[in-house]
Every structure is written in C-alpha cells, then in structure tokens.
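Enquirer: Predicted structure and sequence below. I'll ask about it afterward.
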Amino acid sequence: HRLVPPDIDADEELLSIQEEVTRQGYIRNYRAQRMTKDGKRITIDLSRTIIRSPHGEILGSTAIIKDVTEKMELEQRIYNTEKLASIGILAAGVAHEINNPLAVILGFTDLLLERFQPGTQEYEDLKMIEANANQAKKTVENMLGFARITEGLEEFVDVDQALNTVIKIVRNTLMTKKVEVALHIPVSLPKVRCDSREFQQVIFNLINNSFAAMEPGGGKLTISVRRQEDSVQIAVEDTGKGIPDKIKPRIFDPFFTTKKVGEGTGLGLSLCYGIIKKYGGKIEFSSTCREDNPHRPSGTKFVISLPVHDTGESLEES
C-alpha cells in the first residue's frame with residue numbers, strides 16, 4: 001500500500017533526508033506524514049545514523065521510526081484549550097463593544113420604519129439595514145456564547161431525552177434537505193455530567209455541519225450512543241463530502257470556516273470543543289474526503305465522550 005500521503009512528494013522528501021544524513025552522518029526526529037494500511041494518516045519521527053568502520057568506511061545505517069500521532073494530538077488539544085480561554089476573553093470584550101451601537105441602530109431603524117409604508121424605497125432600504133444589523137447581532141450572540149464556555153450549570157443529563165429533543169427541532173430540516181436519519185440509542189443509559197442546554201447545542205452544531213456537508217443532494221445521518229467504561233460516547237456520522245486533510249488540524253480553531261462570508265462565524269466547532277472539555281469529556285473526529293481519497297466513501301464522524309453520573313448496568317439495544 002502507499003506509505004506516503006498523495007499530497008507529499010515522496011522523492012523530494014527522500015532526497016532531503018539523504019542529503020541531511022550524508023552531510024551530518026545522522027538525522028534526528030525528522031517529522032513526516034505516513035499512511036497506514038487502512039488509509040489513516042499518522043505522524044512519525046524518523047531518526048537515522050550511518051554506521052562506519054574504524055577506518056571510516058560506511059557499513060550501513062540504523063533507523064528508528066516512532067509513531068507520535070497521539071503525542072501530537074495531545075499537544076494540539078492542550079494548545080486549543082489554552083487558545084480558547086484567551087480568545088474567549090477577547091470575544092467577550094469585542095462583543096459587548098459591538099452590541100451597544102447595534103442596539104441603537106436597530107432601535108432607530110424600528111422607529112423610522114413606522115414613518116414609511118411597505119413597498120416604498122425608503123421602507124425597503126430600512127428593512128435591508130435591519131436585516132444586516134440582525135445578522136451582525138447574531139454574530140455577536142455567537143461570540144458571547146463562545147466567551148461563556150467557561151461558565152455553565154453542571155447537572156446530570158439524560159442523553160436519550162436530549163438527543164430526541166434535538167431531532168424534533170431539526171425534523172423539518174431533515175426532510176427539506178433530503179437527509180435520512182438513523183438513531184441507535186441503548187436503553188438504560190446512565191446520565192452524563194453536563195449542562196443540558198449546552199449538550200443540546202453541541203449536538204445541534206454537529207448536525208448542522210453534517211447538513212452542510214451533505215448539500216445539495218442529501219445523504220444519511222447516523223447518531224449512535226454506547227456506554228464505554230466510565231463514559232458515554234455519542235457519535236454523529238454523515239455521508240457528506242468529508243474534511244480535506246490539509247484543514248483537519250484547524251477545524252477546532254475559533255473563527256476558522258470554509259463557508260462563504262455571512263454563512264458562518266467559524267465558532268461552531270470551537271464551542272463544541274470548549275463545552276465538552278469543560279465537563280471533563282473528549283471530542284474527536286475521523287473523516288474521509290473525496291478530494292484526498294477518491295476511491296473511498298466520503299463522510300465525517302464526530303465522537304463525543306462524557307463522564308457518567310453512575311455506573312448503571314449492562315446495556316441492551318432498544
């Protein structure tokens with residue numbers, strides 16, 4: 001199978017390694033990307049040293065390859081957590097500064113609308129101002145929500161009930177976007193430690209991302225839950241276009257988005273990450289993108305793990 005990802009020039013990389021080894025006699029912790037047999041991308045550290053005889057003749061070389069994928073992911077999670085905290089403080093300040101003039105704009109727009117009849121040019125211009133101001137207001141609300149991820153009420157959430165509530169909210173959207181939904185929720189699930197409103201917001205954000213990924217033709221959305229030792233895992237999986245390898249390291253970055261201007265703030269996944277981490281949980285993902293793997297089915301799967309409230313008993317599938 002192919003060891004080097006398709007977006008990396010294998011010959012150029014090999015030449016770079018050989019030149020370094022020839023020049024110094026060794027190379028230490030050369031970081032590279034490789035592919036496993038099942039197509040997963042991993043990060044490795046390569047060290048290689050030339051072995052010489054007492055007379056200086058090259059007898060061969062030794063090489064050590066370490067899989068540092070988990071180490072890199074841990075470092076990235078720590079970095080994301082620290083960045084979320086600092087940007088949250090900034091977002092709160094900026095949001096409050098913008099909110100006040102927006103309130104004035106919307107207030108006076110409302111007063112002026114009473115002076116003109118619908119259908120007049122003045123009325124239509126004012127409605128456009130109102131619509132754009134409301135869009136800005138929505139962005140501000142998202143920023144304030146991002147800043148508030150350090151708060152929240154810790155309670156014990158019924159996962160089954162919370163998931164079904166979200167599905168009821170998006171049921172009409174499922175039909176209009178031609179998305180088939182499959183729910184796999186065991187009976188007798190233990191409750192998880194989280195804020196119910198925030199938990200539903202996380203699921204709602206993930207589902208909305210799946211909707212966008214499956215446009216315009218629709219697809220299948222699968223939500224499955226299982227008990228895993230002292231946590232409950234909630235998986236949200238879609239058959240959308242997938243996430244390209246080149247942007248995977250950035251998807252939890254605040255304000256990072258691939259959507260057009262005005263269609264998203266880039267805070268959705270950052271909010272999810274911050275909320276889940278706040279309650280001692282984890283959020284991970286795997287994705288196959290058509291442009292990176294044209295011969296494999298595309299799609300994305302997010303898995304949330306949250307600590308349970310009690311041990312419960314063995315689960316039966318409903």
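Expert: Here it is on my side, so go on. Given the structure is predicted, the values throughout are model-derived calculations rather than measurements.

Enquirer: contacts and neighbour counts: CA atoms only from here.
Expert: Will do.

Enquirer: Any regions of the chain where pLDDT drops low?
Expert: 1, 77-94, 96, 142-154, 254-266, 310-318 (pLDDT under 70).

Enquirer: could you pull out the helices for it?
Expert: Here the chain has its helices, by DSSP state H, at 10-24, 69-113, 121-147, 159-176, 196-213, 268-278.

Enquirer: domains for this protein, by residue range?
Expert: 10-67, 72-149, 153-307 (automatic domain parsing).

Enquirer: returning to that earlier point: what's the most buried one of the helices of the chain?
Expert: helix 268-278 (a mean of 23; mean count of other C-alpha atoms under 10 Å).

Enquirer: list the helices and strands it packs on?
Expert: Applying 3 or more C-alpha pairs under 8 Å, 6 or more residues apart in numbering; DSSP states H and E, we find helix 268-278 packed against helix 69-113, helix 121-147, helix 196-213, strand 282-288.

Enquirer: Please name the nearest non-neighbouring residue to Met214.
Expert: Gly240 (4.1 Å; C-alpha to C-alpha, 6 or more residues apart in numbering).

Enquirer: Would you reformat the helices and strands packed on helix 268-278 as JSON lines and include distance to Ile251?
Expert: Below are the helices and strands packed on helix 268-278 laid out as JSON lines (distance: least, C-alpha to C-alpha, whole Å):
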{"stretch": "helix 69-113", "distance to Ile251": "11"}
{"stretch": "helix 121-147", "distance to Ile251": "15"}
{"stretch": "helix 196-213", "distance to Ile251": "11"}
{"stretch": "strand 282-288", "distance to Ile251": "10"}
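
Enquirer: out of the ones you listed, which comes closest to Val166?
Expert: Nearest to Val166 among these is helix 196-213 (6.4 Å), distances taken as C-alpha to C-alpha.

Enquirer: Report the angle between the closest one and helix 268-278.
Expert: 150 degrees (axes from the mean of the first three to the mean of the last three C-alpha atoms, to 10 degrees).

Enquirer: just to revisit the earlier point, looking at the helices and strands packed on helix 268-278, which is nearest to Ser188?
Expert: helix 196-213 (18.0 Å).

Enquirer: Can I get the domains of the chain in JSON lines including distance to Val4?
Expert: Conversion of these to JSON lines gives the following (distance: least, C-alpha to C-alpha, whole Å):
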{"stretch": "domain 10-67", "distance to Val4": "5"}
{"stretch": "domain 72-149", "distance to Val4": "18"}
{"stretch": "domain 153-307", "distance to Val4": "13"}
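
Enquirer: Nearest to Arg2, out of these?
Expert: Closest to Arg2 of the domains of the chain is domain 10-67 (C-alpha to C-alpha; 6.8 Å).

Enquirer: can you dump the C-alpha coordinates of stretch 24-33 into CSV?
Expert: Taking C-alpha atoms only, stretch 24-33 is exported to CSV below (Å, rounded to 0.1, in the frame of the first residue of the first chain):
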residue,chain,number,x,y,z
GLN,A,24,25.9,15.2,9.2
GLY,A,25,26.2,11.4,9.4
TYR,A,26,22.8,11.3,11.0
ILE,A,27,19.3,12.8,11.2
ARG,A,28,17.3,13.2,14.4
ASN,A,29,13.5,13.3,14.8
TYR,A,30,12.7,14.2,11.2
ARG,A,31,8.9,14.7,11.3
ALA,A,32,6.9,13.3,8.5
GLN,A,33,3.4,12.0,7.5
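
Enquirer: Buried ones in that stretch, by neighbour count?
Expert: Buried residues in stretch 24-33, counted by 16 or more other C-alpha atoms under 10 Å: 26-27, 32.

Enquirer: Out of the residues you listed, which comes closest to Ala10?
Expert: Ala32 (10.5 Å).

Enquirer: Which residues are in contact with that closest one?
Expert: 43-46 (C-alpha atoms under 8 Å, 6 or more residues apart in numbering).

Enquirer: again with Cys289
Expert: 241-245, 298-299.

Enquirer: And Asn205, by the same measure?
Expert: When contacts are counted by C-alpha under 8 Å, 6+ apart, Asn205 touches 268-269, 272.

Enquirer: mind listing what the residue of the chain most remote from its centre touches?
Expert: Residue farthest from the centre of the chain, counting by C-alpha atoms, centre = their mean, is His55 at 56.1 Å. His55 makes no contacts at all, as judged by C-alpha under 8 Å, 6+ apart.

Enquirer: Can you flag which of the buried residues of stretch 24-33 belong to strands?
Expert: If you go by DSSP state E, the buried residues of stretch 24-33 have 26-27, 32 in strands.
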